[in-house]
Each structure stands twice: as structure tokens, then as C-alpha cells.
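**Q** show me the folded form of this:
(one chain, ligands or ions: 1)
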Amino acid sequence: MSGYTAPHCGSLRASDDGREVELYGWVARRRDHGGVTFIDLRDRWGAVQVVLRHADAQLRLEYVVRVRGKVSLRPKGSENPKIATGQVEVVAEELEVISESEPPPFPIEDAEEADEKTRLEYRYLDLRRPRMTRMLQLRNRVNRVIRDYMEEREFIEVETPILTRSSPSGARDFLVPSRLHPGEFYALPQAPQMLKQLLMVSGIQRYYQIARCFRDENLRADRQPEFTQLDLEMSFCDEEDVFALVEGLFARLWKETIGVDIAVPFPRLDIKESFLRYGTDKPDLRYALEIADLGEALGDTRAVIFRSVLDGGGVVRGLAVPGGRDMSRRELDELVTLAKGAGGQGLAWVPGGTLDKHLAADEVAAIKRLTGAGEADLVLIAADRRRKAETVMGLVRQEIARRRKLIREGEWRFLWINPTYLFEEDDQGHLTYAHHPFTRPFAEDMPFVEERPYDVRAHAYDIVCNGYELGGGSLRIYDPAMQERVFQLLGMPLDLIRERFGTLLTAFTYGVPPHGGIAPGIDRIVMMLGGTDNIRDVIAFPKTQSMADLMLGAPSEVDQSQLDELQVKVVARKKPDS
Ligand code: ASP
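**A** Numbers count the residues shown, from 1 in each chain. Predicted structure coming up:
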């Protein structure tokens, strides 16, 4: 069988006219026309029309066949300009069925929208669909561009272990019991963070890895328990070096996969500014809507809803909706529901709302000035605690852009969120790290860390594009005393610090270079380049939202003997709600 070297079905062109070919592929379509049968023969490269004069009545969709025949130009008028092979057809002289196929559970065609559960159960057939094959090819291309780019800059790829020890990245660990050390567990890496820092102590200087990361997070629509990052770390660098490296990489990726030139350098935005103006730390800049702080306009207001929020230390934020005075009451009510759904108090608006009679004329004028509202515009207002008001306005901004079709499709608006802050408040109101505990604080902010911890800036950055975070990173602490201090500020007892991070702290006493890095998420990058918003489209064998592999049936129960060997006892069997 010479199918490996034979021409591909999908690569035949008009210039192949007259060529004798042997083709191997799957029957993608079949049409019978007055004694002649046409089939589309599909392989990874595409499909070509094959003409059969002696059709085999048994020939069915998805059979694997070998065809020997001659390429010829299609008769005038029957060309198909929509497909790359549309100028030609192959007139078969010989056809051999190599293997048969049951009728597939869904048509192997892009146009057919099959139910996702069935697609995932029969993923091997789903991947046979041209669109999915293209996604895998795109992903392969992304990985190759990354490797070329990093190698050209003398980074070396180092594989770090999958069976490792817990290193915090803000999620739960997946644990693997150890048979040889009963009662002890490996953790799968949430990210190779400590290891890449240790590689800097090793003198590797420029490390990268296309690294699988594992995070046992709660069920969320766009999350996978395992995902892939371009993990990288470099020594003797500052933010500028990381930015230039990553900007160059993204420019190259966009150019070499979808032929788009993106503008570098990317603009930078302070994280506080981002929350104020866009209500999020991953703003979509493909539309102009900007949120304004209205505190200044309402300093002396008698409008009670604003007065009480401002007096209580909250904020009032407004957003002008272009041409928004035509919004119906129903539309406004839907936005109020959206705001409440995000935990906010609701929304007010001027003009035309109940506020009109409570606000003084100069207050209304100031609101318009601060939000840039014109005659036809409506100003939507949220008054709440700062974080709430920002979240609400961020969602409203997004929703307005969507409803009023303000998003400039086809634009790529990259930016850096930088600087950010070292600490944030967790759900219980406790101080926690914003990124991870290895992030380097601004040295000049450390003197006030006790009094105002939330004001300490960090040498950390996120890369954002069109409303998505594509990755984050930071310069790292390399002074063991400073690292210990940060752990203590995070409320970690000394023995815990020694136990969990002792290796890093000890390593830092043996000549540690200043270092920093970042980890862009490859799944998200491929999603953007592939024009899909479903992460499962860009992973060959993904899990469902409830973390299940429907094709192989994982996770699964295991034999009692395996459990016994591991000395693991199962105390409850309860499935999550999917
Ligand atoms: N390890 C970090 C993460 O996964 C990225 C970094 O700081 O380089 O978020």
C-alpha cells in the first residue's frame, strides 16, 4: 500500500490534469446520476470528486477506499469554486473497499450541528470533521511558531515533572496516591512555577515549556481541568524584556497563522485605571464606551441614594450610552436585572428616570460632562461599594456594546494590565496574594505594607486581548528575606513556609539571579485564532463541563485490588451535578 506517498485527495488541482493517481480516503458524499456515481473522497487535506462508472451499490458513507484513476478537468459549468479541488475530478478505473463503516452517529460535515454530548462520546469521528481537523492543525502550527520563536531567542525547553508537589496557583490540586509511600500523595502541577524559578538558580537563564497544567476548579463553562500554557522564565530581565518578547511572539503568531499584522508595542493600563474605566481587569477595547467616576459631580448632592452610598465610602459610576435615549423601558429593566444578578443594587439613569427630580441642574450637567454624554445619549449609573459598582458597570458596558453592535469585529486590541497590586481580599475579607506569592513588590511601596497592604504595587502583568486574559506573569522575589516576609504577611506560619517553600528559600541562598516570566495560555490563543468561543473545539480530547471524558469514561471506579495496593479507602461515591 502506497497511501503514504500517494497524492492527497485534498491537494489535487487543475495542474494535475491528466495525472494517473492512487488515492486513499473516506467516502464523504455519494450522488447517483443516471448510471454514474459521484463520490467525494476525503482525507486530511480535503476532498475531491471521484467519478465511478461501475458503482458498487454497497459503497456507503465513511467507508475507507482506495481509488486508482485519472485526474481530469471537470466539464465546463460543473466546476465548484467553493472547494480547493473544485476544478478537477478523478475518473476511477479501480475502486477497492478497504474497510466498511457503520452509519456514523452524526454526519461528518461541518455544516451539521451535532449534539455536543454525542460529539464528545464519538470524538474520534468528530475530529474527522474538516473544521475540527483544521483546529488541530492550527494548534500544531501555534506550537511550532512558539518553538521556532523561542529557540531563535536561545530559550531551551525543559520538561518538568507531572508527578510533583503542590505549588500554589489559586486552585485545588489533583492528587495522585503513591503505592510505594502509602498515605502520601503527589500533586499534579497547577503550573511549574517553583520549578522554573529553581531552573533560574540552576543558571538556565532562558527556559520555556509547552506545559500541561492541572487545576481542580469548580465547574465553569469555559474551564478544563487540564490546559496548556507557554510557560517561560528568564534571568536578569525587567518588565520591558518580558513585554518585548511576548509582543514579538504574538505578532509572529497572528501573522503566521491568520496573516494578520498586529500593532506592537501593546498599550499598558494600570489595573486600577482598568477597573475604573472599564469595570474589569480584562477590558475589551474594540469599543469605546468608558465608565466615569461621578463622585466629584455629586459631592453635595441631595439625592439620597447617592448621598448614602458616598457617605458610606462607596462610589457612583456612570456610562453614557450613545443614542441611548431611544432605549425602551423593557431594555432598561433587563439591564437592571443584569446589574442585580451581579450582586449590585440596580441601575439609575438620566434623563428620563426617577432621578430627574432629585438631581440639581448643575449636577446633571456635571454628569453629562464627566461621561461625555451628548443630547441623544442616556447615562446609566451604579452606586455601590467600589468593587460591586465596577463589576456592574463592566457587565453593563459589555452588554450595551453587544446590543448596540458597537464591537468592531476583526480588530485585535491587545494590552498589558500593568502595574497590578500585590495583595487582594479573599471572599472572607482576608488578605491574599493577587497572583501568586512569588511576585515581586515595588520596593518603594514596602515601607507602608503594614498600614496599607492593598496599595502595594507589584511587578506583575496580564496580557489581555478583546476582553480575554491571555496570560499573566511577574518579576519574582529573589531576596530570601523578602520572600519570607511576603509569606508572613500572607499569614503563613513559619513552619508551614519551611515545609512548603523551604527548597526555594534555600536555593535562593546559593546565588539567585533576578528573574521573571509569564505563562500565556495556549488553548485560549488557539481559540482566538480559530474564531471559536468553545474551548473544547481546540483540545483534541477535552472534558465536559462536569470534568468527564465521555469517550473513554473517565474518571472511573477502579478495581478494589488497585485501591488495596494504594492503601486508599473510598468513603463516599457521589457524582457532581453536571
Ligand atoms: N505560573 C503562573 C501562572 O500559571 C504564571 C507566571 O507567573 O509565570 O499563572
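**Q** look through the stretch 351-500 of the chain and state the residue closest to the ligand.
**A** Residue of the stretch 351-500 of the chain nearest the ligand, by CB to the nearest ligand atom: Gly473 (3.9 Å). All C-beta spots, glycine's among them, are computed from the backbone N, C-alpha and C.
**Q** can you pull the pLDDT of the nearest residue to that residue once chain neighbours are set aside?
**A** Leaving aside its sequence neighbours, Gly473 sits nearest to Ile518 (CB to CB, 6 or more residues apart in numbering; 2.7 Å). With respect to pLDDT, Ile518 scores 98.
**Q** residue contacts, Ile518?
**A** Contact partners of Ile518, counting by CB atoms under 8 Å, 6 or more residues apart in numbering, are Leu232, Val242, Val246, Tyr461, Ile463, Gly471, Gly472, Gly473, Ser474.
**Q** all strands of the stretch 401-550 of the chain, in order?
**A** 414-417, 420-421, 423-425, 431-433, 457-458, 460-465, 468-475, 515-520 (DSSP state E, counting those that start in this stretch).
**Q** before we move on, what about the stretch 201-350 of the chain?
**A** Using DSSP E, counting those that start in this stretch, strands in the stretch 201-350 of the chain cover 206-214, 226-235, 268-269, 291-293, 315-321, 348-350.
**Q** specify the beta-bridge partners of the residue nearest to Gly473.
**A** Here Ile518 sits in beta bridges with Leu232, Gly473, as judged by DSSP bridges.
**Q** enumerate the residues of the protein near the ligand.
**A** Residues of the chain found near the ligand (CB under 6 Å from any ligand atom) are Ser169, Ala191, Gln193, Gly472, Gly473, Ser474, Gly517, Ile518, Ala519.
**Q** try it again at 8 Å.
**A** Residues of the chain lying close to the ligand by CB under 8 Å from any ligand atom are 169-170, 190-193, 196, 213, 229, 231-233, 435-436, 438-439, 460, 471-474, 476, 517-519.
**Q** next, count neighbours for the residue of the stretch 101-250 of the chain found nearest the ligand.
**A** Here the residue of the stretch 101-250 of the chain nearest the ligand is Ala191; by CB to the nearest ligand atom that distance is 3.4 Å. Residues contacting Ala191 under the criterion other CB atoms under 10 Å number 22.
**Q** that one against Arg212, yeah?
**A** No: using CB atoms under 8 Å, Ala191 is not in contact with Arg212, being 10.0 Å away.
**Q** distance of Asp173 from Leu188?
**A** In this view, Asp173 and Leu188 are 7 Å apart by CB to CB, to the nearest Å.
**Q** overlap in contacts of those two?
**A** Common neighbours of Asp173 and Leu188, using CB under 8 Å, 6+ apart, are Phe214.
**Q** nearest to Gln483, of the contacts of Ile518?
**A** Taking CB to CB as the measure, Gln483 sits nearest to Ser474 out of the contacts of Ile518, at 13.0 Å.
**Q** how about the contacts made by the closest one?
**A** Ser474 touches His435, His436, Phe438, Thr439, Arg440, Ala458, His459, Ala460, Tyr461, Gly516, Gly517, Ile518, counting by CB under 8 Å, 6+ apart.
**Q** can you put the residues you listed in TSV and add distance to Gln560?
**A** Listed next are those as TSV, based on distance: CB to CB, whole Å:
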residue	distance to Gln560
His435	43
His436	39
Phe438	42
Thr439	45
Arg440	50
Ala458	49
His459	52
Ala460	48
Tyr461	50
Gly516	49
Gly517	44
Ile518	45
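**Q** PyMOL command for the buried members of these?
**A** Buried members of these, defined by 16 or more other CB atoms under 10 Å, are picked up in PyMOL with:
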select buried, resi 435+436+438+439+440+458+459+460+461+516+517+518
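**Q** which residues of the chain score low on pLDDT?
**A** 1-2, 55, 167-170, 221, 575-578 (pLDDT under 70).
**Q** state which strand of it is the longest.
**A** If you go by DSSP state E, the chain has its longest strand at strand 20-33.
**Q** what's the angle between the helix or strand following that one and strand 20-33?
**A** Note on strand 20-33: by DSSP states H and E, the next helix or strand toward the C-terminus is strand 36-43. Between strand 36-43 and strand 20-33, the angle comes out at 130 degrees (axes from the mean of the first three to the mean of the last three CA atoms, to 10 degrees).
**Q** next SSE downstream of strand 36-43?
**A** strand 46-52.
**Q** just checking, what packs against that following strand?
**A** On a contact count with 3 or more CB pairs under 8 Å, 6 or more residues apart in numbering; DSSP states H and E, strand 46-52 meets strand 20-33, strand 36-43, strand 64-73, strand 88-99.
**Q** deepest in the core, which of these is it.
**A** strand 36-43 (a mean of 21; mean count of other CB atoms under 10 Å).
**Q** sounds good, over and out.
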